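# pasting a predicted model and its sequence here:
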Amino acid sequence: MKRSIDLGCNFKPMKRANSSLFSIATLLEDESHPADSIEDCEALNVKGNTIVSSDGSNLQDLKVELEYDTPPEDAVSSSCSSVESNLSPDSVLCDKIVLTSLSTSNKSEYCGIIEDKSESSTKSASFKLQTDHRTGLIFESAANHFDRYNRFHKERPTRVTSVFDYLSNSKPEGEGDDNYQTILQRCCVLENQSSVAGEDISASSAELWLDDEDFLRVHLPGYMQRLDKISTCTCHNWLDTEAEQFKSIYLTSDSVREAKTAASSLCRLVSDVVSGSLDNGFAIIRPPGHHAEPGLAGGYCVINNVAVAATYAREKLGVKKVLIVDWDVHHGNGTQRCFFDDPNVLYFSVHRYHGGNFFPFLQQGGPKSVGSGAGRGFNINVGWNDKNMGDDEYLVVFEKLLVPVALEFGPDLVLVSAGFDAANGDMGECDVSPECFGRLTRRLKTLAKGKVVCALEGGYVRSVLCKCIESVIAALLDSRSNETCKEELDAFYDKIGDQEMLECIHPSAAKSIRDTMISLSEFWKCLN
């Protein structure tokens, strides 16, 4: 059954069963969602590419199409295997939401959708931005990339669509109840051409924005040929066999195209930031990318989005130096391998390591992996060897290590592999608050003249993910970032008093930071 609804309604997916991620941590299920009725959302329907309200008026600014396959009643409370037995292999086993954009050619004005509660109707309205600061967003839910055997897989399209819905209703702190602008309304949301309702997926922005050579700068020809073969396959058994050749990967015949679209969406946002059309931005995209190596998929990653964007910026946009900051709880082994010998890309990762016994289970995520050849010193790993690392540990590693080295490096662009599985309440068993991710973002805005672009990586508990992304976007929007940063640092120094920073955090974290600083001391003056 096909339903067309407004994302602003209170529709919630059915309650999900627990599922595991990777095989190395106990996942905390995010909030329970009852199988609420969506009859209250049927006042809106889609005609062509336009949402039409019950009174016949067109709402041009937001176009949403939801394809919702209702499983048998007994499937709602059954296990995933029971769901699979009741639905054919060709059934859509995920919520398919196709987002067009809330976009405007005039970046000083944002056309959005608000709800007039007094009349219980939805109407179009315009909002003047409250700040000259221009932050771009682009969404890619990859609706056709999902686990055919587990509708409730953690890495699924609702990771993106739930964020969109949350940001559409997120009220800035200190605003009144009436006439406020949501976080989404303060941003410039770029149109993603692959997301136009009813448009054939073959016309995706991957082909419209990036060329084959853009992917081949990062990924090996043989690997791309293999992916092209996957994209033409309709045999489920063959796709399953192919997916089994990689670590933690599922595939549909559209997975490769969706992965290319995600990378393309990020490159489009990077292009606007580098050109100065936007100051910064956040690509809320999937599938993630930082585990994808030049010739190998893994960890839900098929195409390395950030690596493709970094090489695209250097080769086509004239960017000389790129800083990549990866704060996902897992080491970005793919991104590291892409730039291990490149002195023009500084890669920094802070992650759980445990001596190589945490996903992706590689020794290369340790402090001694500093790069090779001309790239020696340009690869920085801070690997936690204990869990429960929180705000103080992340703030200290930025102040003691990342920021000094980054200032000496002098990047022209900062790309962030923004995974949020280290957040308190997510699967990574760390204790980073949403507010801390905002502080880290403001700190990064002091680099590269503020040209910072984030790309979603991990983060699987939706209630946590939404708050973390909101905090990062609020920091990107903050026109007082430098002043706010100084105030936050002053507050931290007041907190620790006369103690040295490394003495105020978890002893294991302090040792990890010192080990990395020792490994890098011969390459950076600021560490001597």
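That came through fine. Quick caveat, the model's predicted, so the values are computed rather than measured. Numbering: from 1, shown residues only.

# which residues sit in contact with Arg393?
In this structure residue 393 is Glu, not Arg. Counting by C-beta atoms under 8 Å, 6 or more residues apart in numbering, Glu393 makes contact with 384, 505-506, 509. C-betas here are computed from N, CA, C, even on glycine.

# ok, now with 10 Å
Shown in contact with Glu393 (C-beta atoms under 10 Å, 6 or more residues apart in numbering): 350, 382, 384, 386, 430-432, 436, 504-506, 508-510, 512-513.

# now Ala374
Ala374 touches 341-344, counting by C-beta under 10 Å, 6+ apart.

# before we move on, the earlier item: just the buried residues from the contacts of Glu393, in ChimeraX please.
Buried members of those, defined by 16 or more other C-beta atoms under 10 Å, are picked up in ChimeraX with:
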select :350,382,384,386,430,431,432,436,505,506,509,510,512,513
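
# lowest-confidence one in the contacts of Glu393?
Ranked by pLDDT, the contacts of Glu393 bottom out at Cys504, which has 92.

# can you report how many residues neighbour the residue nearest to that one when sequence neighbours are not counted?
Nearest non-adjacent residue to Cys504, counting by C-beta to C-beta, 6 or more residues apart in numbering: Ile496, 4.5 Å away. For Ile496, the tally of surrounding residues (other C-beta atoms under 10 Å) stands at 14.

# can you check the pLDDT for Ile496?
At Ile496, pLDDT is 79.

# OK, contacts around it?
By C-beta under 10 Å, 6+ apart, the residues touching Ile496 are 392, 396, 503-505.

# dump those to TSV, plus distance to Asn528.
Listed next are the contacts of Ile496 as TSV, based on distance: C-beta to C-beta, whole Å:
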residue	distance to Asn528
Asp392	25
Val396	19
Glu503	20
Cys504	23
Ile505	22
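
# please identify which two of those residues are farthest apart in space.
Across those, the longest distance by C-beta to C-beta is 11.2 Å; it joins Asp392 and Glu503.

# out of those two, which sits in the more crowded spot?
A count of neighbours by other C-beta under 10 Å puts Asp392 above the other of Asp392 and Glu503, at 19 against 11.

# correct me if wrong: that one contacts Met501.
Yes - applying C-beta atoms under 10 Å as the test, Asp392 and Met501 come out as touching, 8.8 Å apart.

# need the overlap of contacts for these two.
Taking C-beta under 10 Å, 6+ apart as the criterion, Asp392 and Met501 both touch Phe492.

# on that earlier part again, can you tell me which of the contacts of Ile496 is nearest Lys320?
Comparing the contacts of Ile496 against Lys320 with C-beta to C-beta places Val396 closest, at 29.6 Å.

# contacts only, for that closest one.
492, 496, 500-506, 509-510, 513 are the contacts of Val396 under C-beta under 10 Å, 6+ apart.

# how about JSON lines for these, with secondary structure added?
Listed next are those as JSON lines, based on DSSP: H, G, I helix; E, B strand; the rest coil:
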{"residue": "Phe492", "secondary structure": "helix"}
{"residue": "Ile496", "secondary structure": "helix"}
{"residue": "Glu500", "secondary structure": "coil"}
{"residue": "Met501", "secondary structure": "helix"}
{"residue": "Leu502", "secondary structure": "helix"}
{"residue": "Glu503", "secondary structure": "helix"}
{"residue": "Cys504", "secondary structure": "helix"}
{"residue": "Ile505", "secondary structure": "coil"}
{"residue": "His506", "secondary structure": "coil"}
{"residue": "Ala509", "secondary structure": "helix"}
{"residue": "Ala510", "secondary structure": "helix"}
{"residue": "Ile513", "secondary structure": "helix"}
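
# out of these, which is nearest to Tyr300?
Each of the contacts of Val396 was scored against Tyr300 by C-beta to C-beta, and Ala509 proved nearest at 26.9 Å.

# so which strand or helix has the nearest residue to that closest one once chain neighbours are set aside?
Leaving aside its chain neighbours, Ala509 sits nearest to Glu393 (4.3 Å; criterion: C-beta to C-beta, 6+ apart). Here Glu393, judged by DSSP states H and E, is contained in helix 391-397.

# buried residues in the helix or strand just after that helix, which are they?
Next along the chain after helix 391-397, taking DSSP H and E as the criterion, comes helix 403-409. Counting neighbours by 16+ other C-beta under 10 Å, one finds that the buried residues in helix 403-409 are 403-406, 409.

# what does helix 403-409 rub up against?
The contact list for helix 403-409, computed with C-beta under 10 Å, 6+ apart, reads 321-323, 325, 343-346, 348, 377-378, 380, 397-398, 414, 443-444, 446-448, 517, 520, 523-527.

# which of the residues you listed are buried?
Buried subset of the contacts of helix 403-409 (neighbour count, 16+ other C-beta under 10 Å): 321-323, 325, 344-346, 348, 377-378, 380, 397-398, 414, 443-444, 446-448, 517, 520, 523-524, 527.

# isn't there a strand covering Phe139?
Yes - counting by three-state DSSP, Phe139 falls inside a strand.

# what about the buried ones among the contacts of helix 403-409, which are in strands?
Counted as lying in strands by DSSP state E, out of the buried ones among the contacts of helix 403-409, are 322-323, 325, 345-346, 348, 380, 414.

# quick one, domains of this structure?
2-133, 138-527 (automatic domain parsing).

# averaging pLDDT over each of those, which comes out lowest?
domain 2-133 - the lowest mean pLDDT of the domains of the chain, at a mean of 34.

# and the strands in the stretch 201-350 of the chain, which stretches?
Taking DSSP state E, counting those that start in this stretch as the criterion, the stretch 201-350 of the chain contains strands spanning 280-285, 322-326, 345-352.

# so can I have a markdown table of these showing distance to Val218?
Shown next, in a markdown table, are the strands of the stretch 201-350 of the chain (distance: least, C-beta to C-beta, whole Å):
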| stretch | distance to Val218 |
| --- | --- |
| strand 280-285 | 16 |
| strand 322-326 | 13 |
| strand 345-352 | 11 |
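
# closest one to Glu483 among these?
Judged by C-beta to C-beta, the one of the strands of the stretch 201-350 of the chain that comes nearest to Glu483 is strand 280-285, at 16.9 Å.

# alpha carbons of the closest one, as CSV, please.
Output of strand 280-285 as CSV, limited to C-alpha atoms (Å, rounded to 0.1, in the frame of the first residue of the first chain):
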residue,chain,number,x,y,z
ASN,A,280,29.8,25.5,6.1
GLY,A,281,27.4,22.5,6.0
PHE,A,282,26.3,19.1,7.0
ALA,A,283,25.6,16.2,4.7
ILE,A,284,23.1,13.9,6.4
ILE,A,285,23.6,11.0,4.2
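
# Tyr460 is in contact with Arg159, isn't it?
Yes - counting by C-beta under 10 Å, Arg159 is a contact partner of Tyr460 at 7.1 Å.

# report the longest helix in this structure, please.
Secondary structure assigned by DSSP state H gives helix 255-275 as the longest helix of the chain.

# now it - C-alpha only, CSV.
Extracted C-alpha coordinates of helix 255-275, given in CSV (Å, rounded to 0.1, in the frame of the first residue of the first chain):
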residue,chain,number,x,y,z
SER,A,255,23.1,-0.2,-3.1
VAL,A,256,26.0,0.9,-5.3
ARG,A,257,23.9,3.6,-6.9
GLU,A,258,22.8,4.9,-3.5
ALA,A,259,26.3,4.9,-2.2
LYS,A,260,27.5,6.9,-5.2
THR,A,261,24.6,9.3,-4.6
ALA,A,262,25.7,9.8,-1.0
ALA,A,263,29.2,10.7,-2.1
SER,A,264,27.9,12.9,-4.8
SER,A,265,25.7,14.8,-2.3
LEU,A,266,28.6,15.5,-0.1
CYS,A,267,30.7,16.7,-3.0
ARG,A,268,28.0,19.1,-4.0
LEU,A,269,27.9,20.6,-0.5
VAL,A,270,31.7,20.8,-0.4
SER,A,271,31.6,22.7,-3.7
ASP,A,272,29.2,25.3,-2.4
VAL,A,273,31.3,25.8,0.8
VAL,A,274,34.6,26.0,-1.1
SER,A,275,33.1,28.5,-3.6
